[in-house]
Each structure stands twice: as C-alpha cells, then as structure tokens.
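[1] Predicted model, plus sequence, below.
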Amino acid sequence: MSSVVWRNWAGNQRMTPERVVVPTKTAQIVEAVQQARAHGARIRAVGSGHSFTPAAMTDGTLVCLERFTGLVAVDSTTREVTIRAGTPLHVLNDALADLGLALPNLGDIDRQTIAGAISTGTHGTGVKLGGLASLVTGLELVTGTGEVLRCSPHQHPEIFAAARVSLGALGIITEVTLQCVDAFNLRAEEGPVPLERAVAHLTDPNPADEHAEFYWFPYTDRALLKRNNRVPPGDPFRPLSRWRGWWEDEFLSNTVLGMACRLGRAVPRLVPMLSSVAARALSARTFTARSDRVFCSPRRVRFVEMEYAVPLEALSEAFAGIQRAVQTCGIPVTFPVEVRTAAADDIWLSTAYQRDSAYLAVHQFVGMAYEPYFRAVEAEMSRLGGRPHWGKLHYLSAAELVHRYPRFTDFLALRDQLDPDRVFANPYLTHVLGP
C-alpha cells in the first residue's frame with residue numbers, strides 16, 4: 001500500500017493510490033497496465049496536476065510521469081519534434097528555443113505536461129490557430145490491453161483522431177510528435193479599454209491581430225485587452241526592464257492579486273470595490289520577447305476554474321450570459337473573466353471540433369464558494385451549445401455531452417476496443433463518458 005497523498009495544483013483534488021509507479025521506460029508502463037488488468041484493478045497516469053477535475057483520480061495504480069521526460073527525436077527538415085509524455089511545457093519551450101524552434105501558439109500557463117495538455121484540450125488564443133492537440137502529428141499509446149500503438153494521420157488514423165484529446169480514457173500516452181515552427185518573437189500590446197471595445201475586438205470578423213484576448217473585471221465596465229503579433233524580421237527587440245517585469249508580472253499580478261483575494265474572502269462585501277480598484281490600476285505596456293515568454297505568465301495565486309467553448313459567432317451572447325451569472329449567482333466573484341478564441345479542428349472530443357470557437361473562462365479564489373457561480377455560468381453556456389473544457393470544472397454527464405459532440409458515440413466505441421476491461425476507468429470518466 002502507498003502512503004503517498006497526491007494533490008492537484010489547485011488543491012481541490014487529492015488521492016491516496018494503492019500503488020505509485022514512476023517509470024523511465026515504456027516497458028515499465030506496459031507492465032503496470034498488464035498487472036492492473038490481470039488483477040482487475042484500475043490505473044491512471046498523472047502529469048503536473050493542472051487539471052481541476054478528478055480526471056486523474058484512482059485508488060489503484062498511479063503512473064507518475066515526472067521522470068518520463070525529454071526529447072526523443074528532432075526532424076530539422078519538417079520541424080517536427082518527438083518528446084516523452086511527461087515533459088512539462090516550460091521545459092519543452094526552452095529545448096525548442098535551443099533548436100531554433102517554437103510552438104506556434106500556447107496557453108497562458110506552461111507548467112502542464114505535454115500529454116496532460118493535449119489530453120484535456122489545452123489551447124491558446126487566435127482565430128486562425130487551433131489548440132495544442134492540433135499540433136500533434138503522431139503519438140504513442142499504451143492501450144488497456146498493454147499493446148503499444150503508434151498513431152498518426154496515416155497509421156491508425158481513427159485512433160489518432162480520438163486519442164489527441166481523450167482524457168486518458170483510451171490509454172497512457174508515452175510519446176508525442178509535434179509540428180513546430182521556426183523560433184519567433186512577439187510584440188505584446190496590453191492595456192485597459194472599455195469593456196464594449198474589448199468584446200468588439202474579439203468579435204471583429206476581420207481580426208487585425210494574430211492573438212488577442214481580454215480579461216473582464218466583474219462589477220466594472222473595464223477590461224484588459226492583450227494583443228500579440230509576430231515581430232517582423234529586423235524589428236528592434238524591446239523587452240521589458242527587469243524591474244518593470246517583476247513589478248507587473250510578479251508583484252501586481254501575483255502578490256497584490258493574492259492579497260486582494262484573501263481580503264475579499266475574509267470580507268466578501270468588499271469584492272466589487274476591490275475589482276474596481278484593480279481595473280483602475282491597470283496601465284498600458286508594449287514590449288517584445290521570445291514567443292513563449294509572451295504567451296505564458298507566472299500563476300502563483302491558486303484558483304479553481306470553469307471554461308466553456310461556444311461557437312465564435314455566439315461570443316457576445318455568451319459574454320452577456322456570464323455578466324448575468326455574476327449578478328445573479330448570489331456570491332462574490334473575485335477573479336477576472338478570461339475570453340479567448342481558437343480555430344476549428346477535426347479532433348473528436350476537442351471543444352473546437354468542426355467549429356471556430358470562443359472560450360470564456362471563469363475563476364474563483366481557492367477557499368471561496370464557487371458552485372453557484374459556476375452552475376449559473378454553465379446554464380448560460382448550455383443554451384448556446386457550449387462544450388466544457390475537459391481539464392476544468394463542469395457538471396455535465398455523458399447523457400448531456402453526447403449531444404455536444406458529433407463523434408461522441410464513435411469515441412465510446414473506440415474506448416470499448418482499446419480498453420475493454422476499463423483499466424483506465426474512474427468515477428469521473430464514468431460520469432462524463434459512461435460505464
């Protein structure tokens with residue numbers, strides 16, 4: 001029996017598995033899966049714990065991928081790299097930079113492992129760019145029978161179409177091949193704007209920016225609009241000073257935000273005032289930096305999160321729904337609302353499957369009530385056919401989700417094929433996928 005207590009980043013999920021395996025070789029993962037199957041037990045893999053759901057929970061064997069990391073192969077001609085599944089994104093970004101490569105898009109957190117990030121549908125922003133899973137050109141998977149499969153558009157194409165976003169229900173991903181691009185710098189332009197302007201910017205049918213997103217401060221009519229675009233070759237490099245970077249990204253965005261959240265948790269009636277002060281404290285800034293250092297920011301204030309994808313054309317209506325939820329949910333909302341976009345893809349359980357999408361993310365500081373707020377948001381998003389981010393909290397079951405994904409039943413049939421004994425099952429997967 002293991003005495004290890006595993007917790008996720010937010011601290012809202014924890015487990016004590018019966019056994020913990022920390023593999024360094026694929027054969028060790030195969031052996032662990034075969035043993036679990038032989039004993040009628042359950043097995044789950046875990047990365048860095050940045051999912052807010054119980055997706056990784058198990059009382060059986062936990063496969064911890066913290067030592068299953070590193071580059072496996074680099075194709076300098078095609079700019080494809082193959083990496084082991086437990087490699088964190090920030091480690092990958094540094095390794096790619098050393099090779100003169102980069103990922104074309106990233107989310108705003110880089111602590112996730114690559115397997116965890118693609119399996120839950122992690123994405124960045126940009127109406128012409130898909131999520132991280134859309135960059136996958138191949139992967140290796142250990143199925144529920146212990147078979148090792150290599151999948152690509154040409155090799156087991158249906159498994160490839162499903163396994164890129166699969167919640168770990170089809171197997172344990174061991175290697176991922178990604179389509180990279182030449183390394184590039186980004187020019188970041190960030191500043192406070194009236195809320196109406198921020199919404200209009202992301203709903204513009206002819207967007208001027210490669211990447212754009214905004215953060216709305218609840219109870220105010222202000223937003224922080226962030227626009228990122230590639231720097232033309234030869235453009236002068238204008239990084240933030242070390243002092244300003246620390247002041248804005250560490251002190252204001254983390255230390256001061258954390259203090260404000262703790263004060264709001266202690267005295268809830270102050271939350272609207274604190275949000276208003278935060279919105280007024282924003283200042284504009286423009287700088288250039290290596291792409292991943294613009295995309296990703298340090299997140300040291302712990303929170304729980306829900307995010308929904310709706311059709312891009314429904315962005316304004318969806319945002320109005322979130323505004324209603326903030327006003328009617330009956331609890332104070334401490335965190336800004338984040339709004340992003342992404343291009344359609346062909347991945348069966350991707351939230352952007354066959355539709356350009358707008359993403360609306362709501363957060364709440366750890367230790368504060370969140371369910372009334374999140375349920376109110378979910379009701380608003382469901383009216384628009386919203387699909388919940390697989391790594392973030394939601395309350396939908398398989399009976400509801402089957403109507404949101406055209407290939408949902410095909411995914412279930414593939415699950416029957418690859419994990420007939422449900423060695424990868426847990427209560428969460430049973431809830432969202434069925435038994």
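    Structure's in. What do you need?

[2] List the buried residues for the helix or strand harbouring Ala279?
    Using DSSP states H and E, Ala279 maps to helix 271-280. Buried residues in helix 271-280, defined by neighbour count with 16 or more other CB atoms under 10 Å: Val271, Pro272, Leu274, Ser275, Ser276, Ala278, Ala279. Every C-beta, even on glycine, is put in place using the N, C-alpha and C of the backbone.

[3] could you say what helices and strands it packs with?
    In this structure, helix 271-280 packs against strand 222-230, helix 257-266, with contacts taken as 3 or more CB pairs under 8 Å, 6 or more residues apart in numbering; DSSP states H and E.

[4] What part of this protein, helix or strand, is modelled with the least confidence?
    Every helix and strand of the chain was ranked by mean pLDDT, DSSP states H and E. The lowest is helix 242-245, at a mean of 80.

[5] Now do Leu315 against Met381, distance only.
    12 Å (CB to CB, to the nearest Å).

[6] between the two, what contacts are shared?
    Residues touching both Leu315 and Met381 (CB atoms under 8 Å, 6 or more residues apart in numbering): Leu360.

[7] between those two, who's got more neighbours?
    Neighbours per residue (other CB atoms under 10 Å) separate Leu315 from Met381, with Met381 holding more: 25 against 21.

[8] if I read this right, the more buried one contacts Tyr308, doesn't it?
    Yes - between Met381 and Tyr308 there is a contact under CB atoms under 8 Å: 3.9 Å.

[9] list residues touching both of those two?
    With CB under 8 Å, 6+ apart as the test, Met381 and Tyr308 both reach Ala318, Leu360, Pro388.

[10] Distance check, the first one against Cys329.
    Here the criterion is CB to CB. By it, Ala318 lies 16 Å from Cys329.

[11] between the two, who's got more neighbours?
    Under the criterion of other CB under 10 Å, the comparison of Ala318 against Cys329 puts Ala318 first, with 23 against 19.

[12] Now for the nearest residue to Arg300 once chain neighbours are set aside, how many residues are close by?
    Nearest residue to Arg300 in three dimensions, chain neighbours excluded: Asn254, at 4.3 Å (CB to CB, 6 or more residues apart in numbering). A count of neighbours around Asn254, defined by other CB under 10 Å, yields 15.

[13] My guess is Asn254 contacts Pro298. True?
    Yes - under the criterion of CB under 8 Å, Asn254 makes contact with Pro298 at 6.3 Å.

[14] Give me the helices and strands touching whichever strand or helix holds Pro372, please.
    Pro372 belongs to helix 371-382 when assigned by DSSP H and E. Contact here means 3+ CB pairs under 8 Å, 6+ apart; on that basis helix 371-382 packs against strand 303-311, helix 315-328, strand 357-365.

[15] Buried residues, that helix. List them.
    So helix 371-382, judged by 16+ other CB under 10 Å, has buried residues Tyr373, Phe374, Ala376, Val377, Glu378, Glu380, Met381, Ser382.

[16] Next: stretch 169-188.
    Judged by neighbour count using 16+ other CB under 10 Å, the buried positions of stretch 169-188 are 169-178, 180, 185-188.

[17] export it as CSV, just CAs?
    Provided in CSV are the C-alpha atoms of stretch 169-188 (Å, rounded to 0.1, in the frame of the first residue of the first chain):
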residue,chain,number,x,y,z
ALA,A,169,-9.6,7.0,-21.4
LEU,A,170,-8.0,5.2,-24.4
GLY,A,171,-4.6,4.6,-23.0
ILE,A,172,-1.5,6.1,-21.5
ILE,A,173,0.3,8.4,-23.9
THR,A,174,4.1,7.8,-23.9
GLU,A,175,5.4,9.9,-26.8
VAL,A,176,4.0,12.9,-28.7
THR,A,177,5.3,14.3,-32.0
LEU,A,178,4.6,18.0,-32.5
GLN,A,179,4.6,20.2,-35.6
CYS,A,180,6.8,23.2,-34.7
VAL,A,181,7.8,26.4,-36.5
ASP,A,182,10.9,28.5,-36.6
ALA,A,183,11.5,30.4,-33.4
PHE,A,184,9.9,33.8,-33.4
ASN,A,185,9.4,36.9,-31.2
LEU,A,186,6.1,38.5,-30.3
ARG,A,187,5.2,42.1,-29.9
ALA,A,188,2.8,42.4,-26.9
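
[18] burial count for Arg209?
    Heads up, residue 209 is Asp, not Arg. Asp209, neighbours per other CB under 10 Å, totals 18.

[19] Next, the distance between the ends of stretch 241-252.
    End-to-end distance for stretch 241-252: 15 Å, by CA to CA, to the nearest Å.

[20] Ignore what I typed, I meant stretch 84-91.
    For stretch 84-91, the end-to-end distance is 12 Å (CA to CA).

[21] ok, and what's touching that stretch?
    Applying CB under 8 Å, 6+ apart, the external contacts of stretch 84-91 come out as 45, 47-48, 65-72, 106, 110-115, 117, 172-176, 292, 296.

[22] any idea of the mean pLDDT in it?
    Mean pLDDT, computed over stretch 84-91, is 98.

[23] before we move on, what about stretch 209-220?
    Stretch 209-220 comes out at a mean pLDDT of 96.

[24] How about stretch 350-369?
    97.

[25] and the residue nearest the centre of the chain, how far is that from Leu429?
    Nearest to the centroid of the C-alpha atoms of the chain, with distances taken as CA atoms, centre = their mean, sits Thr122, at 3.1 Å. Counting by CB to CB, the separation of Thr122 from Leu429 is 18 Å.
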